[in-house]
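1. just a sequence and a predicted model for now, questions to come.
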Amino acid sequence: MPTQNLKIGMIGLDTSHVIAFTDLLHNEQHSYHVPGGEVVAAYPGGSPDFPASSSRIEGFTTELRDKYRVRIVDNIRDIPETCDAILLESVDGRVHLSQFRKIVEFGKPVFVDKPFVLTSHDAKEMVRLAQAYGTPLMSCSALRFSEALISALSVNNGGRVTGCDTFGPMAIEPTQPGVFWYGIHCVEMLFAVLGPDCVSVRAITNEDYDEIVGVWSDGRIGTIRGNRIGNSQFAAILHREKSIQYVDISGCDKPFYASLLENIIQFFQTGVPTCDLEMTCRIVHFMEQANKSRPSGEILSLI
């Protein structure tokens, strides 16, 4: 275990995650302070055609520089050259592969924030590059590690989990199509509960809601309800052999990002992802096929 803080670099300063992570790392008075690293350098990046990126990048860059004393660089390769580990935070999943190509040869561990990429083709290429250069790589949603979900899964007095329903907000963002934008959080929760072996998916959608149904190789069924109106809370129901278990994901005191960051620091220290790449790639394929199903409601294979 390292005795000194890891020097962490950030790529993409267009998401609130960069402030949340930096504060958890730097602020020792934070109730959920995560020790083990500090953000020392950052590359702003940004996507001009994506308002959620272009409208926020200046403010987050200024806050990182002025409040947290992070060095802002104008060359993406300065990050792996001067840092021990990298948080690839760009909010736009379209740019992750091109950015990863520029840093993968340095072999520094890289965490890619959601969405990992937007196609199975790009997911496979990310994994191929990581393996070719021996670069540790990890990507997942914070909801996978929410305290309430981890706690619920640790209890098995109701027997094994026979199915799962997850719920949450699912805004649609044209540049991050369909499920990839906010739907990914419910997908991650579902796969955290049922595992990676989903064999088919069907999506039903209208202006206000999505209902996505997956069937696993052992016959278990998992569903996702994505809401665009009504409440924006995350929750899950675990169906067990002898009981039903409601999990109030949004009711946790501990921020999702704190639990995720603890896993990221562990990954940076060991080089071993706590959410493996096979799981990540299967989640991307699930979302890709769910998007294809949305217009017609057709059942599509994941095999």
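-> Structure's in. What do you need?
2. who's in contact with the most centrally placed residue in the chain?
-> What sits nearest the mean C-alpha location of the chain, by C-alpha atoms, centre = their mean, is Ser141, with 2.4 Å. Counting by C-beta atoms under 8 Å, 6 or more residues apart in numbering, Ser141 makes contact with Lys114, Ile184, His185, Val187, Glu188, Met189, Leu260. (Glycine included, C-beta is placed from N, CA and C.)
3. one more time with 10 Å, if that's ok
-> 113-116, 182, 184-189, 191-192, 256, 260, 275, 283 (C-beta atoms under 10 Å, 6 or more residues apart in numbering).
4. do Val215 as well
-> Counted by C-beta under 10 Å, 6+ apart, Val215 has contacts Cys198, Val199, Ser200, Val201, Arg202, Ile221, Gly222, Ile299, Ser301, Leu302.
5. redo those as a markdown table? Include neighbour count.
-> Shown next, in a markdown table, are those (neighbours: other C-beta atoms under 10 Å):
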| residue | neighbour count |
| --- | --- |
| Cys198 | 24 |
| Val199 | 13 |
| Ser200 | 17 |
| Val201 | 27 |
| Arg202 | 19 |
| Ile221 | 15 |
| Gly222 | 27 |
| Ile299 | 13 |
| Ser301 | 9 |
| Leu302 | 19 |
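6. dump those residues to CSV, plus secondary structure.
-> Shown next, in CSV, are the contacts of Val215 (DSSP: H, G, I helix; E, B strand; the rest coil):
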residue, secondary structure
Cys198, strand
Val199, strand
Ser200, strand
Val201, strand
Arg202, strand
Ile221, strand
Gly222, strand
Ile299, coil
Ser301, strand
Leu302, coil
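7. returning to that earlier point: against Lys114, how distant is the residue nearest to the centre of the chain?
-> 5 Å (C-beta to C-beta, to the nearest Å).
8. what touches both of those two?
-> Applying C-beta under 10 Å, 6+ apart, one finds that Ser141 and Lys114 are jointly contacted by Tyr182, Ile184, His185, Val187, Glu188, Leu260, Ile283.
9. what is the nearest of these to Ser217?
-> Using C-beta to C-beta, Ile283 is the member of those that lies nearest Ser217, at 15.5 Å.
10. correct me, but that closest one touches Ile184?
-> Yes: using C-beta atoms under 10 Å, Ile283 is in contact with Ile184, at 7.5 Å.
11. more neighbours: these two, which one.
-> Taking other C-beta atoms under 10 Å, Ile283 and Ile184 do not tie; Ile283 has more neighbours (28 against 24).
12. tally up the residues packed near Ile264, please.
-> What Ile264 shows, counting by other C-beta under 10 Å, is a neighbour count of 28.
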